[in-house]
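Q: any chance you could fold what I've pasted below:
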Amino acid sequence: MEISALQKERAAYQPKLPKALQGAVKVKEGAPTKSVDNQEEIKKLFPNTYGMPLIEFVPGENADKKKINIGVILSGGQAPGGHNVISGLFDAVKKLNSENRLYGFLMGPGGLVDHNYVEITAEFLNQYRNTGGFDMIGSGRTKLEEEDQFEKGLEIIRELDINAIVIIGGDDSNTNACVLAEYYAAKKYGVQVIGCPKTIDGDLKNEQIETSFGFDTATKTYSELIGNIERDCNSARKYWHFIKLMGRSASHIALECALETQPNICLISEEIEAKDMTLNQVVENIANVVAYRAKQGDNFGVVLIPEGLIEFVPAIGRLIQELNDLMAAHGADYKDLDKDAQRKYIIAHLSKENADTFETLPEGVARQLSLDRDPHGNVQVSLIETEKLLSDMVASLLAKWAKEGKFDGKFAAQHHFFGYEGRCAAPSNFDADYCYALGTSAAQLVAAGKTGYMAIVKNTTTNANEWKAGGVPITMMMNMEKRNGEMKPVIRKALVELDGKPFKAFAAKRDEWAKNTAYVYPGPIQYWGPTEVCDQTTKTLKLEQD
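A: The predicted structure follows:
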């Protein structure tokens with residue numbers, strides 16, 4: 001592997017650890033827990049891992065030289081800092097006992113099932129410390145939910161004398177970790193399963209998880225790009241830039257980037273749903289801002305659009321729910337038909353209200369909504385070109401207003417989708433430290449004999465020395481939701497809270513940003529220099545913890 005100058009220097013960075021993880025560690029247990037909802041159903045499905053206490057690590061007196069081998073899996077989409085979770089895990093297990101071994105299963109959960117692995121050694125790992133990406137062992141989206149998968153994985157676990165599996169993933173991946181932990185506990189196999197909270201989307205957070213790793217780096221990367229576009233926009237003064245931002249369902253990324261860069265418009269899906277807005281109302285609101293700025297002589301601007309917006313327009317959300325059920329029950333009946341026959345079949349089998357909504361959508365968008373789901377049953381929103389749909393609808397409305405004498409400006413659009421650009425960026429100092437602490441916490445959970453837990457690190461707006469590390473039972477975060485036509489236990493997604501401080505801070509300023517050109521240019525992530533530049537957290541986290 002060829003190493004860049006940045007990577008060489010960055011490899012020497014030693015991530016900071018909370019005080020409780022710097023030496024010998026003692027486990028402090030809290031009160032028993034219960035799931036966020038559907039307590040009886042979750043307890044019945046997870047009798048062996050339900051109701052466990054919260055765990056906090058505190059400084060201990062005697063270091064445990066416990067002998068443990070661990071297998072680690074990267075699951076789902078990439079997020080900056082994954083390699084540092086593995087680094088923290090490796091360093092912690094070796095510190096416990098130099099004979100301990102860490103194995104990486106290749107290309108995600110499928111590597112466990114198919115027995116594809118590599119032993120992670122110091123020499124191998126040192127190429128990846130403080131780097132972005134998941135290329136150390138690769139990632140995948142195989143779902144661990146079938147008994148034969150669990151048993152097949154057990155074969156290689158026994159062969160390698162592995163005590164625990166650590167699954168680094170998002171809400172769906174950690175739901176799978178919980179299912180696997182419950183299965184192995186029920187069978188009394190003596191195999192522990194621990195999760196780590198990963199996703200740039202920011203939707204894996206709650207009272208115990210302050211932020212998912214990768215969110216900090218990804219939003220700073222996108223904010224740099226948005227700031228660059230804003231500066232270009234303010235230089236050329238002739239384009240409206242419609243920028244779709246990754247984030248699947250929740251609007252956390254869009255909101256954070258808006259707080260960082262102050263665009264003219266940022267749509268928040270959760271607000272659109274709460275206000276029961278139609279797509280036409282969303283378009284009219286954008287067009288009104290374009291028309292206002294045109295009157296001031298400003299025929300330019302920037303619009304941020306969350307990736308999952310289309311699902312939150314209530315009428316389209318209801319359509320997607322029925323499409324999900326239709327696909328689960330009858331997908332095999334129409335998946336091989338040509339696209340015209342597919343469209344007719346779908347319209348014929350939808351309720352009148354949803355069929356009417358389906359018919360009003362542009363053909364491409366309607367088709368994308370009715371395509372196959374991802375392995376977890378989610379609409380593949382990244383495939384829907386919402387930014388082009390909105391700009392086309394705005395252009396049509398402005399053309400109508402121009403004929404009516406209501407608009408005499410110019411409107412020309414440029415389109416962008418920022419997603420993959422941020423998923424594998426070199427982690428910020430915050431993510432490098434946070435992930436290393438998460439990996440260390442995961443190792444300590446294994447050493448303490450725990451299973452069905454997710455590693456957590458809290459108090460993250462303070463100095464890293466004062467962070468608090470521990471674990472939360474995964475069942476505590478679960479509820480029942482409909483997936484692929486069936487009710488399933490899943491970790492509840494965290495959406496943008498409209499009464500939360502981050503949204504309120506945005507809402508207080510957005511009218512000013514719409515009328516004026518108030519752009520902020522954050523620039524690239526800094527790794528060396530003043531702490532107020534290099535070690536700052538996201539604005540979202542600062543506001544939430546304020």
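Q: now do the buried residues in stretch 142-149.
A: Buried residues in stretch 142-149, defined by neighbour count with 16 or more other CB atoms under 10 Å: Thr142, Lys143, Leu144, Gln149. Every C-beta, even on glycine, is put in place using the N, C-alpha and C of the backbone.
Q: how far is the helix or strand of the chain with the lowest mean pLDDT from where the chain is centred?
A: Sorted by mean pLDDT, DSSP states H and E, the helices and strands of the chain end with helix 363-369, the least confident at a mean of 78. In terms of CA atoms, centre = their mean, to the nearest Å, the centre of helix 363-369 is set 24 Å apart from its chain centre.
Q: give me the next element, helix or strand, following it.
A: Next along the chain after helix 363-369, taking DSSP states H and E as the criterion, comes helix 386-403.
Q: now do that next one: which elements does it pack against?
A: On a contact count with 3 or more CB pairs under 8 Å, 6 or more residues apart in numbering; DSSP states H and E, helix 386-403 meets strand 240-245, helix 279-295, strand 301-306, strand 413-418.
Q: will you turn the ones you listed into a markdown table that also has distance to Ile268?
A: Listed next are those as a markdown table, based on distance: least, CB to CB, whole Å:
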| stretch | distance to Ile268 |
| --- | --- |
| strand 240-245 | 12 |
| helix 279-295 | 11 |
| strand 301-306 | 7 |
| strand 413-418 | 17 |
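Q: low-confidence ranges in this structure?
A: Applying pLDDT under 70 to the chain flags the ranges 371-382.
Q: out of the buried residues of stretch 142-149, who's nearest Ala185?
A: Leu144 (14.7 Å; CB to CB).
Q: how close does that closest one sit to Ala329?
A: Distance of Leu144 to Ala329, given as CB to CB, to the nearest Å: 25 Å.
Q: over to Tyr420?
A: 34 Å.
Q: now do the contacts for the residue nearest to Gln296 when sequence neighbours are not counted.
A: In this structure, Gln296 finds its nearest non-sequential neighbour in Lys515, 7.6 Å apart by CB to CB, 6 or more residues apart in numbering. For Lys515, the contacting residues are Val289, Tyr292, Arg293, Gln296, by CB atoms under 8 Å, 6 or more residues apart in numbering.
Q: could I get those residues in CSV, plus columns for neighbour count and distance to Phe430?
A: CSV is the format used below for the contacts of Lys515 (neighbours: other CB atoms under 10 Å; distance: CB to CB, whole Å):
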residue, neighbour count, distance to Phe430
Val289, 20, 33
Tyr292, 14, 38
Arg293, 20, 35
Gln296, 11, 38
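Q: nearest to Met476, of the residues you listed?
A: Met476 lies nearest to Val289 out of these, by CB to CB, at 42.4 Å.
Q: could you pull up phi and psi at the closest residue to His330 other than its chain neighbours?
A: Using CB to CB, 6+ apart and skipping the chain neighbours, the partner closest in space to His330 is His349 (6.7 Å). When read as degrees, to the nearest 10, the backbone of His349 gives phi -100, psi 0.
Q: one more: the one 3 residues further on?
A: Lys352 has phi and psi values of phi -60, psi -40 when expressed as degrees, to the nearest 10.
Q: Leu102 too?
A: phi -120, psi 130.
Q: who are the contact partners of it?
A: Going by CB under 8 Å, 6+ apart, Leu102 touches Asn69, Ile70, Gly71, Val72, Ile86, Leu89, Phe90, Val93, Glu119, Ile120.
Q: the last one contacts Phe90, doesn't it?
A: Yes. With contact defined as CB atoms under 8 Å, Ile120 and Phe90 form a contacting pair (5.9 Å).
Q: ranges for the strands of the stretch 151-300 of the chain?
A: 164-169, 192-197, 240-245, 265-266 (DSSP state E, counting those that start in this stretch).
Q: partner strands of the last one, with direction?
A: To tie it back to what came earlier, the one meant is strand 265-266. Sheet neighbours of strand 265-266, with direction, are listed as strand 301-306 (parallel) (DSSP bridges).
Q: what's the following helix or strand after the partner strand?
A: Next along from strand 301-306, by DSSP H and E: helix 309-312.
Q: hmm, back to that, ok, which pair from the contacts of Lys515 is furthest apart?
A: Val289 and Gln296, at 11.0 Å, using CB to CB across the contacts of Lys515.
Q: follow-up on the earlier one: shouldn't the residue nearest to His330 be in contact with Met327?
A: No. The criterion here is CB under 8 Å, and His349 misses it with Met327 at 10.5 Å.
Q: Ala455: what secondary structure?
A: What DSSP: H, G, I helix; E, B strand; the rest coil gives for Ala455 is strand.
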